[in-house]
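Novice: Predicted structure and sequence below. I'll ask about it afterward.
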Amino acid sequence: MEQLRAMITGIQGYVPEYRLTNKELEKLVETNDEWITSRTGIKERRILKGENQGSSVMGAAAVKGLLEKTGTDPMDVELIICATVTPDMPFPATANIIADKVGAKKSFSFDISAACSGFLYALQLGAQFIQAGTHKKVVVVGADKMSSIVDYQDRTTCILFGDGAGAVLLEATTSEYGIRDAILRSDGSGEPYLHMKAGGSRKPATHQTVEAREHFAYQEGSTVFKFAVTNMADVSAEVMERNGLTGDDVAWLVPHQANKRIIDATANRMGVGPEKVMMNIERYGNTTAATIPLCLWDYESQLKKGDNLILAAFGGGFTWGSIYVKWAYDPK
Ligand code: UT7
């Protein structure tokens, strides 16, 4: 039997209307446009406004657009995986809510939690269902409403994050195109440097946890920065090496958008020039699980069949990884 491979056959993103600019942040905390731009590359982020609007609203908008664009009947979708650290609620899974919203009544669905590496983890998981031959159409979503866990009194984190979602459709192929290799890693000793202190089973919500502002993302930025630079570059270089790829063979680096300086360092180490690096951090900031699909969505019209893409991420956990994709279609 020929070996099955999963290929990405469509991509769609969704970002909310509201733009939170650096200028506006200057009114909330002691910061300035020059510091934010030079230290992170971010100019503005999108924020999902309104009551009762969770990550599923953005995830469902992305998936609905994806199914329409690829001419896929929602009833043919067999699996939806949603990567998120900001689920609508602890349970049920946001993927279930998305499946219901888009009419994917015959799918099974679940969430995975791997912070900024969530989309890569979910993509590899989805690909395995296709490769096993058990599922023919799998949707992978990255959706995060980071504004729901960001402390707008903390200047070290509130300038970084934004809201958004992106989704891809995976289908089977026996060709050379598709998801060709993945290296995924995690290290739980990274917990002290990036986490949310309360609201889980270890420290359930109380008046005190709310007053102590413990329901927001906490990050020791400079420590995370050091681990991100080393680990993202290490796995990307490893994936390239074991697939015999040099910087010249790589058409695009698709990095998690946490900090322009981390992205530049990774590209440098891989020998990939800046013209081949997908970047939209200036417009969306760090949307956690959504950064990589939002990049693919933004650059879709420039992607050609056969392009070698290296996807790379690092995030809370710590979690990190790199995936090698041979792009499967020309611009439509
Ligand atoms: O996506 C998940 C993984 N996350 C990441 O990959 C993020 C990794 N970390 C980073 O991107 C960077 O560490 C940050 C952008 C968060 C911070 O940049 P940094 O160059 O590491 O700055 P720092 O934390 O070392 O702070 C330098 C100075 C400090 O002042 P002092 O102590 O030197 O006087 C901070 O208090 O900058 C100050 N600072 C700010 N100043 C103006 C911190 N935040 C701000 C701010 N505006 N918003």
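Specialist: All right, it came through fine. Numbering: from 1, shown residues only.

Novice: Tell me where the model's unsure across the protein.
Specialist: 1 (pLDDT under 70).

Novice: backbone phi and psi for whatever residue of it ends up closest to the ligand, please?
Specialist: Nearest residue of the chain to the ligand: residue 221, at 2.9 Å (CB to the nearest ligand atom). (Each C-beta comes from the backbone N, C-alpha and C, glycine too.) Note on residue 221: its backbone torsions stand at phi -50, psi -50 [degrees, to the nearest 10].

Novice: and it, what does it touch?
Specialist: 156, 157 (CB atoms under 8 Å, 6 or more residues apart in numbering).

Novice: and with 6 Å instead?
Specialist: residue 156 (CB atoms under 6 Å, 6 or more residues apart in numbering).

Novice: And for residue 87?
Specialist: 94, 111 are the contacts of residue 87 under CB under 6 Å, 6+ apart.

Novice: again, only this time at 8 Å
Specialist: 54, 55, 93, 94, 111.

Novice: do residue 59 as well
Specialist: Here residue 59 is in contact with 14, 82, 84, 94, 95, 98, 141, 143, 165, 167 (criterion: CB under 8 Å, 6+ apart).

Novice: what about 10 Å?
Specialist: The contact partners of residue 59, taken as CB atoms under 10 Å, 6 or more residues apart in numbering, are 14, 80, 82-84, 87-88, 94-95, 97-99, 101-102, 139, 141-145, 164-167, 289-290.

Novice: Give the burial count for residue 202, as a bare number.
Specialist: Number of residues near residue 202 (other CB atoms under 10 Å) recorded here: 7.

Novice: Need the three-state assignment for it.
Specialist: coil (DSSP: H, G, I helix; E, B strand; the rest coil).

Novice: Just give me the closest of the contacts of residue 87 to residue 237.
Specialist: residue 111 (30.5 Å; CB to CB).

Novice: Specify the beta-bridge partners of the closest one.
Specialist: residue 82 (DSSP bridges).

Novice: is it true that it touches residue 144?
Specialist: No. Using CB atoms under 10 Å, residue 111 makes no contact with residue 144, being 11.4 Å away.

Novice: which stretches of the stretch 51-200 of the chain form strands?
Specialist: 79-83, 108-112, 137-145, 163-173, 178-186, 194-196 (DSSP state E, counting those that start in this stretch).

Novice: nearest to residue 266, of these?
Specialist: Of the strands of the stretch 51-200 of the chain, nearest to residue 266 by CB to CB is strand 178-186, at 14.0 Å.

Novice: okay, now residue 228: neighbour count?
Specialist: Residue 228 has 26 nearby residues by other CB under 10 Å.
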